[in-house]
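In: could you look at this predicted model? Sequence included:
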Amino acid sequence: MAGYSATLYANNINTAWWQNPNRPEQFGFLSEAYDFHIQIRKRDGEVLYAWHILPIAVYTRNERALLDEPSGLSHDVAKNLAFKLLSTDPESRLVINFHGNAGTVAQGWRTDTYRSLTSSAPDKIHVLTVDYRGFGYSTGSPTEQGLIADGIAAVVWAMKDAHIPPNRIVIFGQSLGTAVATAVAEHFVLNSPTIEFAGIVLVAGFSDIPTLMTTYAAGGIIPILSPLRPYPALQRFFARHIQETWFSAARLNNFVRRSRNLDLKIIHARTDYNIPWAHSTTLFYAAANGTCEGSMSRKQIDDAKITEKIGDDSWAWYWKAGNARDEGIKKIKLEIVQHGGHNRLPTYAVAAKAIMNIFELQTLP
C-alpha cells in the first residue's frame, strides 16, 4: 500500500523547485516583508514551515517599517512587526489554511488563494498557511496522525503565541486539507473546555480515503482503483486495507454533534475532475445528521433542507438547527458551483465570500 500512500500525500512532488519560498516576491507578493516565514516547533521534535500573509491595507500602512526589518526565515517571530500587527490588533481575523497534497505552501494556485482571502477584507484578514511534516522545508514524514498533530500545532500557535481568540479564527481546508481541517476542529471541540472557532470552510473535500480511492482521478484522468472495477471484491479488499483512512464524514458528524455553535461552509465545483462533487454532498449529509439526537435518512434531510438555485448551473443547500438562547445555533451550507475545478476553486470569490460571511456574523469582544 506504499504506492497509495505516496499518491495520497505526494509530498515529494514540487513543481516550484526552482523558486525560493523565502522570497515571496517571486510569487507575486509586494516584497519579502509582505509576509514572514516562521517555524512552529512541536513537542514531537518536528519543525513546521509556515507563512503569515498580511492584509494588503495593513501592509501598506506599515510598509516603510516592514521594509526596514530583516527578510527571510524568522526564528524569533515575536520580534517581527508583522507578527505584532496580527497579535496586537483586536480587530484582526485569522484564516488558518490547510492545503492539499503535493508541493508546498508556495505551489500552484495556493499563493493566489492567500491573496484572494486577505484581499476580501484588506484591513483585517490575515492568513497563516503551514506545510505539513515532510512537505517543503518542514521536517519528518507524512502520516494521518502526524498531519492532524501539525494542524493542531498551527492552531495552538495562533491562539497561544499570536493571542488570537478562537472566535476570530476560521479553519480553511482544500482537498486533503479538508480532512486535516475537520480532524483539527473535532480535536478542539472535544477539548475541556470546548474550543469553537468562528467557522470552518471545506473546499473540494472528500468523505474518506477508501471511497476516494475508487473515485479520485490523479491529474483528473484515471481513478486510482478504477482498473479493479471489473473485480469489485478485489477493489473492496484494497480499499479496506488502506491504513491512512481519513474518515472525514464520520469526524465531521462527530464534530457537529459535539459543537454548541457552528458555522460550516462546504464548497465544491461541478468541474472538479479530481474529486467528484458528490463527496461534498456526503459531507453535508453527515454534518446535518450531526445536528440530530438520533439519525436521519438522506430523504428526511432532503425534505427539510432549504435549496437555493444560484444562476443556471449552481445551487446551495442550507441546514440550520438549534436556537441562540438555549442550544446554540448550528449553520451548515453546501454550495455547488459550476466552475473552479479542483485546485483553482479556493481562489474564486465563492471561497472569499464564505470567509467574509463567517466573520461578519461574529460578535467580537
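Out: Structure received.

In: give me the mean pLDDT for stretch 266-285.
Out: Taken as a whole, stretch 266-285 has a mean pLDDT of 95.

In: quick one: end-to-end distance for it.
Out: 11 Å (Cα to Cα, to the nearest Å).

In: helix, strand, or coil at residue 292?
Out: coil (DSSP: H, G, I helix; E, B strand; the rest coil).

In: burial count for it?
Out: For residue 292, the neighbour count with other Cβ atoms under 10 Å is 13. Every residue, glycine included, has its C-beta placed from N, CA and C.

In: so what's it closest to, chain neighbours aside?
Out: residue 321 (7.7 Å; Cβ to Cβ, 6 or more residues apart in numbering).

In: and if you look at residue 348?
Out: Closest to residue 348 by Cβ to Cβ, 6+ apart is residue 340, at 5.0 Å.

In: re earlier: in its sheet, which strands sit next to the host helix or strand of the residue nearest to residue 292, and in what direction?
Out: Using DSSP states H and E, residue 321 falls within strand 314-323. Using DSSP bridges, strand 314-323 pairs in its sheet with strand 306-310 (antiparallel), strand 328-337 (antiparallel).

In: quick one: buried residues of it?
Out: Neighbour-count burial for strand 314-323, with 16 or more other Cβ atoms under 10 Å as criterion, is recorded at 314, 316-317, 319-322.

In: what about the helices in the stretch 151-300 of the chain?
Out: 176-189, 209-215, 232-240, 248-258, 278-289, 298-304 (DSSP state H, counting those that start in this stretch).

In: show me what the first one is packed up against.
Out: Read that as helix 176-189. Judged by 3 or more Cβ pairs under 8 Å, 6 or more residues apart in numbering; DSSP states H and E, helix 176-189 is in contact with strand 93-98, helix 144-156, strand 169-174, strand 199-203, helix 248-258.

In: low-confidence ranges in the chain?
Out: Scanning the chain for pLDDT under 70 picks out 1-7, 14-18, 31-43, 71-75, 215-242, 323-326, 361-365.

In: in it, which residue is closest to the centre?
Out: By Cα atoms, centre = their mean, the chain has its centre lying nearest to residue 173, at 1.3 Å.

In: show me what contacts it?
Out: Contact analysis of residue 173 by Cβ atoms under 8 Å, 6 or more residues apart in numbering lists 97-98, 179-182, 201-203, 205.

In: how close does it get to residue 257?
Out: Using Cβ to Cβ, to the nearest Å, we find residue 173 at a distance of 20 Å from residue 257.

In: try residue 268
Out: 23 Å.

In: and if you look at residue 285?
Out: Residue 285 is 14 Å from residue 257, by Cβ to Cβ.

In: who's in contact with residue 174?
Out: Contact analysis of residue 174 by Cβ under 8 Å, 6+ apart lists 97-100, 113, 203-204, 343, 345-346.

In: same question, residue 258
Out: Residue 258 touches 186, 189-190, 194, counting by Cβ under 8 Å, 6+ apart.

In: what subset of those is buried?
Out: 186, 189.

In: I'd like the contacts of residue 258 as TSV, with distance to residue 310 appended.
Out: As requested, these are arranged in TSV below (distance: Cβ to Cβ, whole Å):
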residue	distance to residue 310
186	29
189	30
190	35
194	34
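
In: of the contacts of residue 258, closest to residue 163?
Out: The nearest member of those to residue 163, counting by Cβ to Cβ, is residue 194 at 19.6 Å.
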